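Asker: Here's a sequence, model it:
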Amino acid sequence: MTKRTVRVENETGFHARPASIFVREAEKFRSKIEIHANGKVADAKDLVRIMSMQLSKGTEVLIQADGMDESDAVESLARIIKTNFGDE
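Answerer: Below is the predicted model:
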């Protein structure tokens, strides 16, 4: 299992566009991927669950993956958050 914590710096947090970018990236990996934040857990491949977490700027998000490509998955998803979903 691979884990990494990243802070959301995007001004608008995980609204529809960033959440869909994140989910599309997560779907590229075979590993089981979860995100943990604000006492909630969501499957990183489930757009509705991610949107329901209401992840705003400054939120600490733990990305956790388990499977054959877990390290690549965590690194890629953390990079997406750190680069403001491609806006940086």
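
Asker: The residue sitting furthest away from the middle of the chain in helix, strand or coil?
Answerer: Most distant from the centre of the chain: residue 68, at 18.2 Å, with distances by Cα atoms, centre = their mean. Reduced to three states with DSSP: H, G, I helix; E, B strand; the rest coil, the structure at residue 68 is coil.

Asker: Please tell me the pLDDT value assigned to it.
Answerer: On the pLDDT scale, residue 68 is placed at 97.

Asker: Tell me where the protein is predicted with low confidence.
Answerer: 87-88 (pLDDT under 70).

Asker: ok, now which ones touch the residue nearest to residue 82 when sequence neighbours are not counted?
Answerer: What sits nearest to residue 82 in space, not counting adjacent residues and going by Cβ to Cβ, 6 or more residues apart in numbering, is residue 6, at 6.0 Å. Every residue, glycine included, has its C-beta placed from N, CA and C. Contact analysis of residue 6 by Cβ atoms under 8 Å, 6 or more residues apart in numbering lists 60-61, 63, 78, 81-82.
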